[in-house]
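> Below are the sequence and a predicted model; questions follow.
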Amino acid sequence: MTTRDLARLVLQPFLLGVAVCAAALAAAGGWPVRAGGETDPLLVAAQAFRRPATVPVPAADPPNPARVALGERLFHDTRLSRDGSRSCASCHDPALAFTDGVARGKGIAGVPLARNTPHLWNLAWGETFFWDGRSGSLESQARGPIENPLEMGQDLEAATRLLSYDPAMRERFEAAFPGEAGPSSGQALRALAAWERMLVSPSTRFDRFAEGDRTALDERERAGFELFVGKAGCVSCHSGWAFTDRAYHDIGLPGEDRGRAAVTGLSATEHAFRTPGLRELAWTGPYMHDGSLTTLDAVVDHYSDGVVQRPSLSPDLPQLRLTGQEREALVAFLGTLSSEDPPTPASLAVEAVVPRAVALADGSRTVSQKDKTFLPGAMRLKAGEQLVVVNDDKRTHNVRLDDARTAFDSGAQEPGQTVRIPFAQPGTYRVYCGIHPAMQLTVSVLER
Ligand code: HEC
Ligand code: HEC
């Protein structure tokens, strides 16, 4: 969505005191790279990875500082596990950038889980969660590990009762949810989610470079960045400031895990997992959904000579052959995205983002999907009219609408195909792509 599609309301900055100052917010539209005067093509390329000034929170349920603090406590509270032996932090260890340092962690059952424990950076920007995206919000995600018999094995209602016997906890819930009855299990999930949204990865050496300090990267790291955005094609998927398109791709790792296909049923998403963000990787190994690659060298080797050829491979994955020097440069560049010391979350002002129901396209009812983007990003129709979505992209898409009033699932929409979504009832709807969920389209349907 573009800024024009959104009505934005900046809330009071509240975290840890180091709020973004007004000057930094004003600078968000332009950057201290002199307009027109910048000739270093890599500094220009780095602008696409500039850090945001604010962290988005849901306007429908904006957090307060007490709720964020409660979420952090709950994250460390072993009462959320059946035998009191595990908290969220047992696997998402803040000292290891919210990972556990092993290929597959163990929960209360003592058996290795099916997948690697992901880091928890920059979740506030996410649309779908888990490696296969089976959860549509942080609030609903948090119930998963608590009730999973292999992970924490606790009944969430029982855990909430236990917490409510604790007077200090009752007070914290009251402060976090003023005017609401509680503590409730829903509140516990909302508090966990509120805290997780504040886990913004901190600024690193690469960010100094993007801000215009060309001495921040050495020659080899610059060469690595040039490969990353150029010949090696990494940027096709690892895009934006967190280095992820938040879409699902099969990158040809061996294994039987169906990934996103188990959720969508689409063969184009067999073995597809969500592109992980690449910040703070120095602290988060081993890598990939199964933890099968222990070093960044092994990751880069995979892209050059380890790709398993199969029909579901992402169209965004280039066929690569890299020299030893090129591999070293790429790994060196990835190093500039990590902190030197164990990272702690950055403190940004929060911003409530409200999709606004306005028409951006007059008359037309046709939406394009080129380059993984719905264009326009907002559309106005009259009840009874159809939205026309063309696939003029080179990728398979999956146009979806999960809504009690009108549900729609295009299935695999191949390049060249067109789908039509009828809207019978007035209201505001959110259309998205099941393979590239960062593609979002707001449809506002008026009375006819
Ligand atoms: C026993 C280890 C373990 C525990 C305990 C645990 N997690 Fe996880 N967590 C995982 C694994 C493994 C995954 C990935 C599972 C998958 O994708 O199928 C995951 C995924 C996640 C994700 C999704 C991240 C993303 O990028 O999509 C979030 C958020 C999360 N966990 C939060 C929590 C919270 C909150 C708690 C406590 C209520 C918790 N976890 C407890 C192991 C654990
Ligand atoms: C087609 C999209 C795509 C391209 C192109 C791509 N990646 Fe990835 N990358 C992914 C996905 C998806 C994963 C997770 C795969 C999995 O776990 O099965 C991943 C995982 C990674 C990881 C591991 C991160 C972690 O936390 O486990 C690193 C590092 C990485 N990629 C770096 C690169 C580099 C360097 C390049 C360029 C040589 C590149 N990627 C090109 C999609 C892509």
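Good, I have the coordinates. Ligands and ions are numbered 1, 2, ... in the order given.
> Nearest to ligand 1 within the stretch 151-300 of the chain, name that residue for me.
Per C-beta to the nearest ligand atom, the residue of the stretch 151-300 of the chain with the smallest distance to ligand 1 is Glu151, at 4.1 Å. Where you see a C-beta, it was placed from the backbone N, CA and C, and this is true even at glycine.
> Do I have it right that that residue meets Gly110?
No - counting by C-beta atoms under 8 Å, Glu151 sits too far from Gly110 to count as a contact (11.3 Å).
> What separation do you get for Phe173 and Gly182?
As defined by C-beta to C-beta, to the nearest Å, Phe173 lies at a distance of 5 Å from Gly182.
> Same drill for the two, tell me which one is more crowded.
Neighbour comparison, Phe173 and Gly182: the larger count goes to Phe173, with 24 against 16 (by other C-beta atoms under 10 Å).
> which SS class is the more buried one?
Under the three-state scheme (DSSP: H, G, I helix; E, B strand; the rest coil), Phe173 adopts helix.
> Please tell me I have it right and it contacts Ser185.
No - checked against C-beta under 8 Å, the pair Phe173 and Ser185 is beyond contact range at 11.2 Å.
> re the thing from before, what is in contact with Phe173 and Gly182 at once?
The contact sets of Phe173 and Gly182 overlap at Ser164 (C-beta atoms under 8 Å, 6 or more residues apart in numbering).
> ok, Glu385 - contacts?
Applying C-beta under 8 Å, 6+ apart, we find Glu385 in contact with 365, 422-423, 445, 448.
> how close does it get to ligand 2?
Distance, Glu385 to ligand 2, by C-beta to the nearest ligand atom, to the nearest Å: 36 Å.
> How about Ala95?
With C-beta to the nearest ligand atom as the criterion, Ala95 and ligand 2 are 17 Å apart.
> circling back: of Glu151 and Gly110, give the one with the bigger neighbour count.
Neighbour tally, Glu151 and Gly110, criterion other C-beta under 10 Å: the higher count belongs to Glu151, 21 against 7.
> secondary structure class for the more buried one?
Counting by three-state DSSP, the backbone at Glu151 sits in coil.
> same question, Val44
helix.
> correct me, but it touches Glu38?
Yes - between Val44 and Glu38 there is a contact at 5.7 Å, judged by C-beta under 8 Å.
> Now do the same contact list for the nearest residue to Gly107 once chain neighbours are set aside.
Using C-beta to C-beta, 6 or more residues apart in numbering and skipping residues adjacent in sequence, the residue nearest Gly107 is Glu151, 3.7 Å away. Residues near Glu151 by C-beta under 8 Å, 6+ apart: 86, 91, 107-109, 113, 144-145.
> What's the separation between the residue sitting nearest the centre point of the chain and ligand 2?
Central residue of the chain (C-alpha atoms, centre = their mean): Gly126, 3.1 Å from the mean position. Distance, Gly126 to ligand 2, by C-beta to the nearest ligand atom: 14 Å.
> tell me the contacts of that residue?
138, 246 are the contacts of Gly126 under C-beta under 8 Å, 6+ apart.
> quick one, helices of the stretch 251-400 of the chain?
Along the stretch 251-400 of the chain, the stretches classed as helices by DSSP state H, counting those that start in this stretch are 261-264, 296-301, 324-335.
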